[in-house]
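In: Provided below for reference: sequence and predicted model.
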2 protein chains.
Amino acid sequence: MSKHTNESALASKLADKGIRLTRQRRTLLDIIETSQGHLHASDLLTLAREQDERIDRATVYRTLSLLKGQGLVEELDLLHLDGSEHHYELKAQTSHVHIGCKGCGRIFEFQSELVKELESAVRRETGCAVESVRVEVAAWCPECRKRQ
Amino acid sequence: MSKHTNESALASKLADKGIRLTRQRRTLLDIIETSQGHLHASDLLTLAREQDERIDRATVYRTLSLLKGQGLVEELDLLHLDGSEHHYELKAQTSHVHIGCKGCGRIFEFQSELVKELESAVRRETGCAVESVRVEVAAWCPECRKRQ
DNA sequence: GTTCCTGCAAAGAGTTTGCAGTTCT
DNA sequence: AGAACTGCAAACTCTTTGCAGGAAC
């Protein structure tokens, strides 16, 4: 358990691992935990600068890479529906699918046990030790289907 | 049916759509059809230059983008196990999963009906019209597990 | 006090674009 | 002949790195 009781969940996890908590990291962790969505590095930079003028792109990338390395966030491509940035989200407990709408560009999430089943099938039939599974679907959402 | 009977399958499909077949495109289509794997743009460029010195990077990217637009090849990220290039493969008839080994970097394919099931579930439960499903797994292959 | 982190600036990958000339149908 | 395609060079986007100063423990 953490001795840093008034830290955010992510911050405590880092502190517990002996990783330094800087002002910049706290800011970034906070944004990542608060925003429920799928952030780009550049979104994150913009949001962070609202709280801390001087925060740098490099710090954002370095922090994301740190969190990814610690298994705390997940990197997604989301089918590059707009641009080719990577997206990041808190590592989820439950397996879910990301659905990107080719009309409006929104990202929807969809829970399904089938993801876990697929993961087991891979493990069982290939003998691979699975670390993570990413399912990304390109689609047209109901609203955009009408609008067409 | 195509009147271009001695073209490759991809070339015929393009010709049938009234898309011009240039020397460069034939070269590239040929490589894509022959190599069974997952090519990067830069792999493709290298291979193409063995047959045609003057072929340009831009032509490779433009051709890939054309084929993608026509639904003839699929773009993959393959978890960016090495670098952040995109990979391309012939659009497959059967749904499969790409497994990237974090040890050796090789990409394995794995067929499973679960992918189709997942696709149906998305369609049924979200009302989205699904265009494509990408499943990418990060894992350690049996050989690399031993070697660790 | 040491080690790690940061901002800055510059470089690096990967990809795209404008344009003048060439090739396809 | 006309539209579409190509090579070239330059630009662009996203991300990483080297370094000197600054903050965390």
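Out: Happy to help now that I have it. Numbers count the residues shown, from 1 in each chain, chains lettered A, B, ... in the order given.
In: could you say what helices and strands the biggest strand by length in chain A packs with?
Out: Determined from DSSP state E, the single longest strand within chain A is strand A:129-140. Judged by 3 or more CB pairs under 8 Å, 6 or more residues apart in numbering or on different chains; DSSP states H and E, strand A:129-140 is in contact with strand A:73-76, strand A:96-101, helix A:113-126, helix B:113-126, strand B:129-140. Quick note: C-beta positions are derived from backbone N, CA and C, even for glycine.
In: Using TSV, please lay out those together with mean pLDDT and mean neighbour count.
Out: Listed next are the helices and strands packed on strand A:129-140 as TSV, based on pLDDT from 0 to 100; neighbours: other CB atoms under 10 Å in any protein chain shown:
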stretch	mean pLDDT	mean neighbour count
strand A:73-76	93	18
strand A:96-101	94	22
helix A:113-126	96	16
helix B:113-126	96	16
strand B:129-140	94	20
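In: who wins for proximity to A:Gln51 among those?
Out: Closest to A:Gln51 of those is strand A:73-76 (CB to CB; 19.0 Å).
In: Can I get the helix or strand just after that closest one as CSV, trimmed to CA atoms?
Out: Downstream of strand A:73-76, the next assigned helix or strand under DSSP states H and E is strand A:87-90. Extracted C-alpha coordinates of strand A:87-90, given in CSV (Å, rounded to 0.1, in the frame of the first residue of the first chain):
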residue,chain,number,x,y,z
HIS,A,87,-3.9,7.3,-28.6
TYR,A,88,-3.5,6.5,-24.9
GLU,A,89,-5.9,5.3,-22.3
LEU,A,90,-5.8,3.9,-18.8
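In: What strand or helix carries A:Leu29?
Out: Using DSSP H and E, the element containing A:Leu29 is helix A:23-34.
In: Tell me the buried residues in that helix?
Out: Going by neighbour count (16 or more other CB atoms under 10 Å in any protein chain shown), the buried part of helix A:23-34 is A:24-32.
In: The following helix or strand past that helix pairs with which strands?
Out: As assigned by DSSP H and E, the chain's next helix or strand after helix A:23-34 is strand A:39-40. Strand pairing for strand A:39-40, using DSSP bridges, gives strand A:87-90 (antiparallel).
In: List the contacts of A:Glu113.
Out: By CB atoms under 8 Å, 6 or more residues apart in numbering or on different chains, the contact list for A:Glu113 reads A:Ser95.
In: How much space separates it from A:Val133?
Out: To A:Val133, A:Glu113 is 13 Å away according to CB to CB, to the nearest Å.
In: Could you check the pLDDT of the closest residue to A:Ala41 other than its chain neighbours?
Out: Nearest residue to A:Ala41 in three dimensions, chain neighbours excluded: A:Val60, at 5.4 Å (CB to CB, 6 or more residues apart in numbering or on different chains). Looking at A:Val60, its pLDDT reads 98.
In: Tell me which residues touch A:Val60, please.
Out: Applying CB under 8 Å, 6+ apart, the residues near A:Val60 are A:28, A:41, A:44-45, A:48.
In: From these, pick the one nearest B:Arg106.
Out: The closest of those, once distances to B:Arg106 are taken by CB to CB, is A:Ala41, at 28.5 Å.
In: Next up, the contacts around the closest one.
Out: With contact set as CB under 8 Å, 6+ apart, A:Ala41 has these partners: A:57, A:60-61, A:64, A:85-86, A:88.
In: quick one: contacts of stretch A:119-134?
Out: By CB under 8 Å, 6+ apart, stretch A:119-134 touches A:74, A:76-77, A:95, A:98, A:115, A:118, B:79, B:97, B:99, B:101-102, B:108, B:110, B:112, B:114, B:134-142, B:145.
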